[in-house]
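Visitor: I would like the atomic coordinates for the input below:
(chains A and B)
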Number of protein chains: 2
Amino acid sequence: MALQKGDFTLIDYVAKVKETGEVFDTTNEEIAKKERLYKEGEIYEPKLVVIGEGWVLKALDESLEKMETGKATLVELAPDKAFGERDPAKIKRVPLKHLTAKGINPALGMRVEHDGKMATVRAIGAGRVLLDFNLPLAGKTLVYEVTVKKKLETEKEKIAALIHRRIPAIEEVKFKFTVKQKSVSMEMPEEAFYLEGIQVAKRGIAMDIQKFFPKITAVKFTETFKVSEPKKETKT
Amino acid sequence: MALQKGDFTLIDYVAKVKETGEVFDTTNEEIAKKERLYKEGEIYEPKLVVIGEGWVLKALDESLEKMETGKATLVELAPDKAFGERDPAKIKRVPLKHLTAKGINPALGMRVEHDGKMATVRAIGAGRVLLDFNLPLAGKTLVYEVTVKKKLETEKEKIAALIHRRIPAIEEVKFKFTVKQKSVSMEMPEEAFYLEGIQVAKRGIAMDIQKFFPKITAVKFTETFKVSEPKKETKT
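Guide: From the prediction side, this is the model:
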């Protein structure tokens, strides 16, 4: 059965630059490691995409509608469907000392900040550097190898995935929740109590749940601070 | 009826240095303003003191046991019962440049940091300053004018006060809670959701409640993110 707008899907992908075959993004840990993309602390796992929400590039999002679960699909995105064409006007020559004054010793290909914007160093000359303010993937045709691993069917699965999206560091199964008429009540796992940004994550979860399940008007998060029960005396 | 150890009291006080009459601490906003002690954001109100817990200077704590509710009492604390005697060995001459190198331009009476400790500048000479590492109130006899405003009687009042002690920025009445057999369940007010340090405050509250009410083994905090009900269509 084909997928459609509004479907909750978990997708795996490997994203490459077509010309060079360079992998620049993936949900797969092995590939991330092999391609030296791996970042400590990042979580590699199928990504929740609600089709049509713009959580991935628009053209990629649209192509999900034609996919089948479990089948790898290649999606090619021309620059105008990806990060845009390269704009030659965004390549500028600036005095080298503007960088060295900030302690930057530029090298070819290095990403540097200049006037509050990020640029790539394209050339270094006598006292000047050529900075390219285009996005690194501008002008590139991208190829995504996408597999929809799963389509989520039940309300419970969907809500669990929405929670996980905002608090990816903790396993989904650790969030116990119940859905009643108009409210979701969730027991937060202890390891989430002190996560940085946890309060903002809760607000995000509440907003997400209400967006996709408009009947839900309240999302309750409960944190239980348990103290060890006093030891029972051994009967003699 | 005299107070005793373990009583939950709300106290007001004005604390002065005996010799000079200088007020250095108070729970009273008017007096804080008059004495130029007032700090923006600080909360001036009767302070919760559980007698015997060491939440105030020990000698002051002990004197609370002899007080009566509603009656102002003067408590005089000799230095050894307050911030200790002055230790002449803690007065040191240091090169002026140790301070100026850190951008400090010392003046008499100024509090400065030196070698990770705080000191008061006592004298400034040719290339040297005299730093006093004694606590500012060391060697002083203190006089506290204390009034026990109220003794808290019920479990509910006491728990409310323990909550307020950890989250003073929000009015006590906004925390709704119920006490059942072994647990306290609290509905957090929305304005507390994003307070800095709120998660640590919750843990503190849970620990405090369990300490004073050992039968309580779980403290539950619930945060409800409500969304506005969809508007009902007007019937035509």
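Visitor: buried residues in stretch A:175-185?
Guide: Within stretch A:175-185, the residues that count as buried by 16 or more other CB atoms under 10 Å in any protein chain shown are A:Phe175, A:Phe177, A:Val179, A:Ser183, A:Val184, A:Ser185. C-beta: built from backbone N, CA, C; applies to glycine.
Visitor: residues contacting the residue positioned nearest the centre of chain A?
Guide: The centroid of chain A falls nearest to A:Lys47 when counting by CA atoms, centre = their mean (7.5 Å). By CB atoms under 8 Å, 6 or more residues apart in numbering or on different chains, the contact list for A:Lys47 reads A:Leu10, A:Ile11, A:Asp12, A:Tyr13, A:Thr27.
Visitor: Specify which member of the residues you listed is nearest to chain B.
Guide: Distance to chain B across the contacts of A:Lys47 (CB to the nearest CB) is lowest for A:Leu10, with 25.1 Å.
Visitor: follow-up on the earlier one: next step: the contacts of A:Lys47 restricted to strands.
Guide: Per DSSP state E, strands hold the following members of those: A:Leu10, A:Ile11, A:Asp12, A:Tyr13.
Visitor: Just the buried ones from these?
Guide: Buried members of these, scored by 16+ other CB under 10 Å, are A:Leu10, A:Ile11, A:Asp12, A:Tyr13.
Visitor: What is the nearest of the ones in strands among the contacts of A:Lys47 to A:Arg166?
Guide: Closest approach to A:Arg166 among the ones in strands among the contacts of A:Lys47 (CB to CB): A:Leu10, at 15.5 Å.
Visitor: okay, now the closest residue to the closest one other than its chain neighbours: neighbour count?
Guide: Nearest residue to A:Leu10, sequence neighbours excluded (CB to CB, 6 or more residues apart in numbering or on different chains): A:Pro46, at 3.8 Å. The number of residues packed around A:Pro46, counting by other CB atoms under 10 Å in any protein chain shown, is 17.
Visitor: check contacts around A:Pro46.
Guide: A:Pro46 is in contact with A:Leu10, A:Ile11, A:Asp12, A:Thr27, A:Lys149, A:Lys150, counting by CB under 8 Å, 6+ apart.
Visitor: Between all of the residues you listed, which two are at the greatest distance?
Guide: Within the contacts of A:Pro46, A:Thr27 and A:Lys150 form the most distant pair, 12.8 Å apart (CB to CB).
Visitor: The two: which has the busier surroundings?
Guide: For A:Thr27 versus A:Lys150, neighbours defined as other CB under 10 Å are more numerous around A:Thr27 (20 against 17).
Visitor: Can you report phi and psi for that one?
Guide: Backbone torsions of A:Thr27, given as degrees, to the nearest 10, read phi -100, psi 0.
Visitor: Just confirm A:Ala161 is within a strand.
Guide: No. Assessed with DSSP: H, G, I helix; E, B strand; the rest coil, A:Ala161 is helix; it does not lie in a strand.
Visitor: Name the residues that touch the helix or strand hosting A:Asp208?
Guide: Per DSSP states H and E, A:Asp208 falls inside helix A:198-212. Outside helix A:198-212, the residues within contact range by CB under 8 Å, 6+ apart are A:50, A:158-159, A:162-163, A:165-167, A:184, A:192, A:195, A:216-217, A:219, A:221, B:193-194, B:198-199, B:223, B:225, B:227.
Visitor: These, buried ones only, as a PyMOL selection?
Guide: A single PyMOL command selects the buried members of the contacts of helix A:198-212 (16+ other CB under 10 Å):
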select buried, (chain A and resi 50+158+159+162+163+165+166+167+184+192+216+217+219+221) or (chain B and resi 193+198+199+223+225+227)
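Visitor: Out of the contacts of helix A:198-212, list just those in strands.
Guide: Using DSSP E, the contacts of helix A:198-212 in strands are A:Val50, A:Val184, A:Val219, A:Phe221, B:Glu223, B:Phe225.
Visitor: if we can go back for a sec, Throw the contacts of A:Lys47 into CSV and include distance to B:Gly84 and pLDDT, thanks.
Guide: CSV is the format used below for the contacts of A:Lys47 (distance: CB to CB, whole Å; pLDDT from 0 to 100):
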residue, distance to B:Gly84, pLDDT
A:Leu10, 64, 97
A:Ile11, 66, 97
A:Asp12, 66, 97
A:Tyr13, 67, 97
A:Thr27, 62, 96
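Visitor: which of these sit farthest apart?
Guide: Distances among the contacts of A:Lys47 were taken as CB to CB; the most separated pair is A:Leu10 and A:Tyr13, at 11.0 Å.
Visitor: Shouldn't A:Gly109 be within a helix?
Guide: No. With three-state DSSP as the criterion, A:Gly109 is coil rather than part of a helix.
Visitor: Can I get the helix or strand where A:Arg93 lies as CSV, trimmed to CA atoms?
Guide: According to DSSP H and E, A:Arg93 maps onto strand A:91-95. Taking C-alpha atoms only, strand A:91-95 is exported to CSV below (Å, rounded to 0.1, in the frame of the first residue of the first chain):
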residue,chain,number,x,y,z
ILE,A,91,32.1,34.5,-3.5
LYS,A,92,34.1,37.4,-2.1
ARG,A,93,37.7,38.4,-1.8
VAL,A,94,38.5,39.7,1.7
PRO,A,95,41.7,40.9,3.3
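Visitor: List the buried residues for the following helix or strand past it?
Guide: The helix or strand immediately downstream of strand A:91-95 is helix A:96-100, counting by DSSP H and E. Neighbour-count burial for helix A:96-100, with 16+ other CB under 10 Å as criterion, is recorded at A:Leu96, A:Leu99.
Visitor: For helix A:96-100, C-alpha coordinates in CSV please.
Guide: What follows is helix A:96-100, C-alpha atoms only, in CSV (Å, rounded to 0.1, in the frame of the first residue of the first chain):
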residue,chain,number,x,y,z
LEU,A,96,43.6,38.0,5.0
LYS,A,97,44.1,40.1,8.1
HIS,A,98,40.3,40.1,8.8
LEU,A,99,40.7,36.4,9.5
THR,A,100,44.1,36.4,11.2
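Visitor: by contact count, what packs against it?
Guide: For helix A:96-100, the packing partners by 3 or more CB pairs under 8 Å, 6 or more residues apart in numbering or on different chains; DSSP states H and E come out as strand A:111-114, strand A:128-132.
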